[in-house]
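J.: coordinates only, no sequence provided:
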């Protein structure tokens with residue numbers, strides 16, 4: 001309060017109109033000359049101050065347990081600059097912005113490094129294995145059990161390049177077929193069953209090395225679009241969320257737009273998360289593949305349309321939003337259970353299911369924290385800056401999406417090597 005003239009100036013929501021009412025302005029809107037300098041300096045000092053929950057306009061009131069440190073109706077320039085200042089949305093912005101850059105890096109890595117043309121590590125012990133093996137016997141057996149295919153230019157080039165440094169590979173015949181590991185597995189052990197134990201072990205070891213070396217050259221990598229669709233959905237969700245938390249305080253109109261984009265991003269993440277497990281699990285069964293993908297697409301579009309309704313954005317629909325998104329994610333249990341029954345003998349299926357369960361746990365706990373608003377409801381005002389429910393929800397979403405990325409890598413390796 002200045003000179004005890006106006007109690008209204010003590011309110012943290014100070015505006016230029018307030019200064020006029022407190023004696024700093026005249027009827028024509030101009031500053032009174034006697035106090036012009038002092039009033040302008042004070043206005044510049046307080047107009048971008050953080051305010052408390054009770055001072056917010058209705059559209060910014062979402063969580064009464066976060067008591068202070070709000071930005072309210074700031075100009076866009078100041079809103080953008082606030083990404084580098086401390087307020088109750090700072091960590092909401094950065095948790096998902098860092099997550100966006102994480103998944104952008106993973107997308108670039110996946111596009112450039114996976115699959116590798118040849119695992120060079122598998123060649124490290126190959127010379128020693130070849131030296132311990134009766135290559136003449138193996139050569140005749142391989143020629144007997146494995147066919148030859150002409151025009152295998154990539155494989156021939158590999159043999160020519162390796163022949164220079166490892167002449168023993170000249171005994172390796174040309175190989176064909178889409179299941180080299182299975183051919184070697186079914187051929188060598190039985191035909192050498194009467195050999196001594198050392199020879200069998202050596203041949204099995206070499207069988208693995210040769211299979212790892214040759215298979216990538218014989219098998220075309222499976223399509224990547226379902227995996228990249230998931231990565232795109234994750235990046236869109238994380239960037240939309242981060243942008244929403246940064247800009248929503250500018251105005252009611254911009255807040256409404258950003259919230260719709262944010263909810264659309266959540267729907268996109270959930271829907272595209274289905275693509276890798278459904279496509280790669282049922283790529284050899286088009287009926288179930290199309291059935292599950294079609295169902296999740298319809299459900300995702302319906303959720304997006306519902307998210308665009310203005311009434312959906314209010315705080316009183318927080319629980320409804322949570323149930324809707326949670327139910328959308330829970331619908332993924334059907335294809336996962338189907339996958340477990342259909343491929344229960346495959347270790348890759350168990351491996352991916354563990355990752356998907358972890359993903360579901362992270363998403364589920366995050367949704368529960370978001371809906372119940374803990375821990376801030378236990379101690380209002382204590383978690384305004386760090387540790388409140390929305391920040392925890394963001395961290396859990398990033399962790400869950402990363403678990404799904406790890407599962408996707410297992411799917412790609414499985415289908416690259418075996419196809420259908």
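T.: That came through fine. Keep in mind the model is a prediction, meaning the values are calculated, not measured.
J.: show me which helix runs longest in the chain.
T.: Ranked by residue count under DSSP state H, the longest helix found in the chain is helix 389-418.
J.: buried ones in it, by neighbour count?
T.: Of the residues in helix 389-418, those buried by neighbour count under the rule 16 or more other CB atoms under 10 Å are 389-405, 407-412, 414-418. Bear in mind the C-beta positions are built from the backbone N, C-alpha and C, glycine included.
J.: count the residues that sit near residue 113.
T.: Neighbourhood size, residue 113 [other CB atoms under 10 Å]: 8.
J.: and it, how far from residue 407?
T.: Here residue 113 is placed at a distance of 18 Å from residue 407 (CB to CB, to the nearest Å).
J.: cool, residue 323 as well?
T.: Plainly put, residue 323 is 25 Å away from residue 407 if you go by CB to CB.
J.: same check on residue 308?
T.: According to CB to CB, residue 308 stands 31 Å off from residue 407.
J.: quick one: the helices in the stretch 151-300 of the chain?
T.: With DSSP state H, counting those that start in this stretch, the ranges of helices along the stretch 151-300 of the chain come out as 153-165, 180-191, 197-218, 225-247, 252-273, 275-281, 286-307.
J.: pLDDT averaged over the third one - what is it?
T.: Mean per-residue pLDDT for helix 197-218: 50.
J.: can you check the fifth one too?
T.: Taken as a whole, helix 252-273 has an average pLDDT of 92.
J.: list the buried residues for it?
T.: Buried residues in helix 252-273, counted by 16+ other CB under 10 Å: 255, 258-273.
J.: for the fourth one, same thing?
T.: By neighbour count on 16+ other CB under 10 Å, the buried set for helix 225-247 is 226-247.
J.: got it, and the shortest one?
T.: By 16+ other CB under 10 Å, the buried positions in helix 275-281 come out as 275, 276, 277, 278, 279, 280, 281.
J.: would you mind identifying the next helix or strand past the strand or helix carrying residue 80?
T.: Assessed by DSSP states H and E, residue 80 sits inside helix 76-81. Elements were assigned by DSSP H and E; along the chain past helix 76-81, the next helix or strand is helix 90-113.
J.: I'd like to know which elements that following helix is packed against.
T.: For helix 90-113, the packing partners by 3 or more CB pairs under 8 Å, 6 or more residues apart in numbering; DSSP states H and E come out as helix 225-247, helix 389-418.
J.: adding mean pLDDT and distance to residue 299, write these out as a markdown table.
T.: Formatted as a markdown table, the helices and strands packed on helix 90-113 follow (pLDDT from 0 to 100; distance: least, CB to CB, whole Å):
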| stretch | mean pLDDT | distance to residue 299 |
| --- | --- | --- |
| helix 225-247 | 97 | 14 |
| helix 389-418 | 94 | 18 |
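J.: figure out which of those helices is closest to residue 91.
T.: Between residue 91 and the helices and strands packed on helix 90-113, the tightest spacing by CB to CB is seen for helix 389-418, at 4.8 Å.
J.: next, the angle from the closest one to helix 90-113.
T.: Relative orientation of helix 389-418 and helix 90-113, computed by axes from the mean of the first three to the mean of the last three CA atoms, to 10 degrees: 10 degrees.
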